[in-house]
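[1] sequence and predicted structure, then a few things I'm wondering about:
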Amino acid sequence: METVARGDFVELQFTGRTDNNIFDSNDPAELKHLGEKETPKPLWVIVGQRMLVHGLDAALEGKAIGTQYHIHISAQQGFGIRQASLVKAIPLRLFHEKKVDPKPGMSLMLDQTLVSIRAVSGARVIADFNNPLAGKELDYTFMIIKKLTTVEEKTKTFFTWFFRGMPEFNVSDKVTVKGPKILGHLVEAFKSRFKELVGVELAFEEVQMTEAAPHLADAKN
């Protein structure tokens with residue numbers, strides 16, 4: 001039976017629960033049960049690269065492809081323990097300057113971090129910067145659907161996680177990213193990591209935006 005090892009590129013299907021409630025899933029059957037109508041996109045990850053919570057990432061090593069597994073992980077191996085230092089009092093005026101009227105129970109993005117509003121008292125807002133799942137034990141059901149074997153699949157996986165988007169590229173004896181000069185700096189920063197994980201060289205070709213319009217959108221696979 002084929003198993004996976006650290007560094008393998010795989011497609012993963014999973015459902016995460018806490019307190020018997022689903023908090024995340026890309027399993028069509030589970031999502032249909034929850035009333036979701038959209039078909040989830042495949043999740044491609046590199047085993048051992050912390051693209052998942054630590055406990056789930058570590059659990060993938062040595063598992064057989066096509067077999068369903070169930071694991072229970074501690075808060076430390078999940079989204080971490082709650083930290084009192086991450087509950088902060090913030091002046092109300094800072095929210096108003098951003099045209100936000102905070103209310104208790106509201107969740108919003110603040111400085112690219114998900115924040116829960118605990119209380120609004122006078123001129124202060126009590127904001128919780130802890131992950132909403134911090135301090136909770138987690139249960140995962142997962143199955144490794146397949147290994148990703150082509151350079152194109154591995155490249156898309158790498159770009160999705162490390163570039164946070166999908167630039168234009170072509171594959172020959174190496175992978176060449178095409179785009180504006182500023183994109184070349186990103187390519188240069190990740191060349192060695194790309195070679196280590198994907199196994200081929202990463203190159204860059206500068207093009208004018210009128211010739212090609214590569215972008216780093218939130219593309220997945």
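    Arrived safely, thanks for sending. Numbering: from 1, shown residues only.

[2] quick check: buried residues in the longest helix along the chain?
    Counting by DSSP state H, the longest helix found in the chain is helix 181-198. Residues 183, 186, 187, 190, 194, 197, 198 are the ones in helix 181-198 that count as buried (16 or more other C-beta atoms under 10 Å). (Each C-beta comes from the backbone N, C-alpha and C, glycine too.)

[3] now for those residues: which two are most distant?
    Spanning the widest gap among the buried residues of helix 181-198 are 183 and 197, at 19.3 Å by C-beta to C-beta.

[4] so residue 51: helix, strand or coil?
    coil (DSSP: H, G, I helix; E, B strand; the rest coil).

[5] got the contact list for it?
    By C-beta atoms under 8 Å, 6 or more residues apart in numbering, the residues touching residue 51 are 45, 57, 161.

[6] which residue, other than its chain neighbours, is closest to the second one?
    In this case it means residue 57. Spatial nearest neighbour of residue 57, chain neighbours left out: residue 50 (5.8 Å); criterion: C-beta to C-beta, 6 or more residues apart in numbering.

[7] how many neighbouring residues does the one you found have?
    With neighbours defined by other C-beta atoms under 10 Å, the count for residue 50 comes to 11.

[8] so who does the residue in the chain sticking out farthest from the centre touch?
    Here the centre of the chain is the reference, and by C-alpha atoms, centre = their mean the most remote residue is residue 122, at 37.0 Å. Residue 122 is in contact with residue 92, counting by C-beta under 8 Å, 6+ apart.

[9] ok, the spatially most central residue of the chain to residue 104 distance?
    Among the residues of the chain, the one closest to the centroid is residue 51, at 6.0 Å (C-alpha atoms, centre = their mean). Here the criterion is C-beta to C-beta, to the nearest Å. By it, residue 51 lies 34 Å from residue 104.

[10] residue 158 now?
    Counting by C-beta to C-beta, the gap from residue 158 to residue 104 is 41 Å.

[11] more crowded one of those two?
    Higher neighbour count among residue 158 and residue 104: residue 158, with 21 against 12, using other C-beta under 10 Å.

[12] residue 173: what's it in contact with?
    Shown in contact with residue 173 (C-beta under 8 Å, 6+ apart): 200, 201.

[13] next: residue 14.
    24, 25, 26, 27, 43, 56, 140, 141, 142, 143 are the contacts of residue 14 under C-beta under 8 Å, 6+ apart.

[14] go on, residue 171?
    Taking C-beta under 8 Å, 6+ apart as the test, what residue 171 contacts is 151, 152, 155.

[15] tell me the domain ranges of this structure?
    Per automatic domain parsing, the domain ranges recorded for the chain read 1-82+133-149, 84-128, 150-221.

[16] next, count neighbours for residue 56.
    Residue 56: 20 neighbours (other C-beta under 10 Å).

[17] ugh, wrong one, I meant residue 82
    16.

[18] contacts only, for it.
    Residue 82 neighbours (C-beta under 8 Å, 6+ apart): 130, 134, 135.

[19] helix or strand for the first one, which one?
    Remark: residue 130 resides in no helix or strand, with elements defined by DSSP states H and E.

[20] pretty sure it contacts residue 84?
    No - counting by C-beta atoms under 8 Å, residue 130 sits too far from residue 84 to count as a contact (9.0 Å).
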